[in-house]
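1. Model the following, please.
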Amino acid sequence: MENIIKKILASSLEINDEFISENSSKIGMVAEKIASAFLGDRKLLICGNGGSAADAQHMAAEFVNRFQLERPPLPAMALTTDTSVITSIGNDYSFEDVFSKQVKALGIEGDVLLALSTSGNSKNVLSAVEVANKQGLYTVGMLGNKGGKLSAAVDMALIVKSDVTARVQEAHILAEHIICHLVDYILFQKHLGSE
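-> Purely as a prediction, here's the structure:
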């Protein structure tokens, strides 16, 4: 058991280190885009399936409530939370439309859409990105494996080079927390010269 635990830890640390090292400048740019959206009275929309749906809700909560810094709430929204909307779209249209119809209804030019997909090929996430691109949202894909179809569809792709879903999700949540920290820093601490 201990050997299994150590092996998983070593794998996770290696993948996280590689992902953050290769994408640190992109992560900084994503934080700047989100901060700029918030400053411009725009919002962050987040979508994903399964564990990525949980990540979407987690990240939205960090912005709407707080991350670590005491500050005003920030406008972020997970498109995974309204069961009436999701089930009505899934029933009346298709599961592929559950995020895209919400983006069409709620997304405006200058908003940011963060699309989470460990495979990079989630059809409903890809559909949301396509609508977001048409409506002038800035699209970011936090992806796994080789990025899949989403890597070419988004404005900015952050790809975890692993096909193990758990390892991809661990890297995603680390990047999401870093983005939350950086957005708080940009909006509320940078002018004070505080790290």
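2. contacts and neighbour counts: CA atoms only from here.
-> OK.
3. Starting from the helix ranked longest in the chain, tell me the next helix or strand along the chain.
-> The longest helix of the chain (DSSP state H) is helix 2-39. With elements assigned by DSSP states H and E, the helix or strand that comes after helix 2-39 is strand 44-47.
4. which of the residues in the strand or helix carrying L182 are buried?
-> Element membership of L182, judged by DSSP H and E, is helix 165-184. Buried positions in helix 165-184, judged by neighbour count with 16 or more other Cα atoms under 10 Å: 167-173, 175-176, 178-184.
5. what packs against it?
-> With contacts taken as 3 or more Cα pairs under 8 Å, 6 or more residues apart in numbering; DSSP states H and E, helix 165-184 sits against helix 2-39, helix 51-64.
6. Show me the contact partners of whichever helix or strand comes after the shortest one.
-> Next helix or strand after helix 51-64 toward the C-terminus (DSSP H and E): strand 76-78. Outside of strand 76-78, the residues that reach it under the criterion Cα atoms under 8 Å, 6 or more residues apart in numbering are K43, L44, L45, I46, C47, A53, A56, Q57, A60, A61, F63, V64.
7. Give me the sheet partners of strand 76-78 and which way each runs.
-> Strand 76-78 sits in its sheet next to strand 44-47 (parallel), going by DSSP bridges.
8. For the one residue sitting closest to the centre of the chain, grab phi and psi.
-> In the chain, the centroid-proximal residue (Cα atoms, centre = their mean) is L114; its distance is 3.9 Å. Main-chain torsions, L114, degrees, to the nearest 10: phi -100, psi 110.
9. Looks like it contacts L143 (just checking).
-> No - contact between L114 and L143 fails when scored by Cα atoms under 8 Å: they sit 10.4 Å apart.
10. can you give me the offset of the helix holding L182 from its chain's centre?
-> Chain-centre distance of helix 165-184: 8 Å, with Cα atoms, centre = their mean, to the nearest Å.
11. Compute the inter-axis angle for that helix and helix 51-64.
-> 20 degrees (axes from the mean of the first three to the mean of the last three Cα atoms, to 10 degrees).
12. Just the C-alphas of helix 165-184, formatted as CSV.
-> Written as CSV, here are the backbone C-alpha positions of helix 165-184 (Å, rounded to 0.1, in the frame of the first residue of the first chain):
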residue,chain,number,x,y,z
THR,A,165,-7.9,11.5,-15.5
ALA,A,166,-7.0,11.8,-11.8
ARG,A,167,-3.6,13.3,-12.6
VAL,A,168,-5.1,15.8,-15.1
GLN,A,169,-7.7,16.9,-12.5
GLU,A,170,-5.0,17.3,-9.8
ALA,A,171,-3.0,19.6,-12.2
HIS,A,172,-6.2,21.5,-13.1
ILE,A,173,-7.2,22.3,-9.6
LEU,A,174,-3.6,23.5,-8.8
ALA,A,175,-3.7,25.8,-11.8
GLU,A,176,-7.2,27.0,-10.9
HIS,A,177,-6.0,27.9,-7.4
ILE,A,178,-3.0,29.7,-8.8
ILE,A,179,-5.3,31.7,-11.1
CYS,A,180,-7.6,32.6,-8.2
HIS,A,181,-4.5,33.8,-6.3
LEU,A,182,-3.2,35.8,-9.2
VAL,A,183,-6.6,37.5,-9.9
ASP,A,184,-6.8,38.6,-6.3
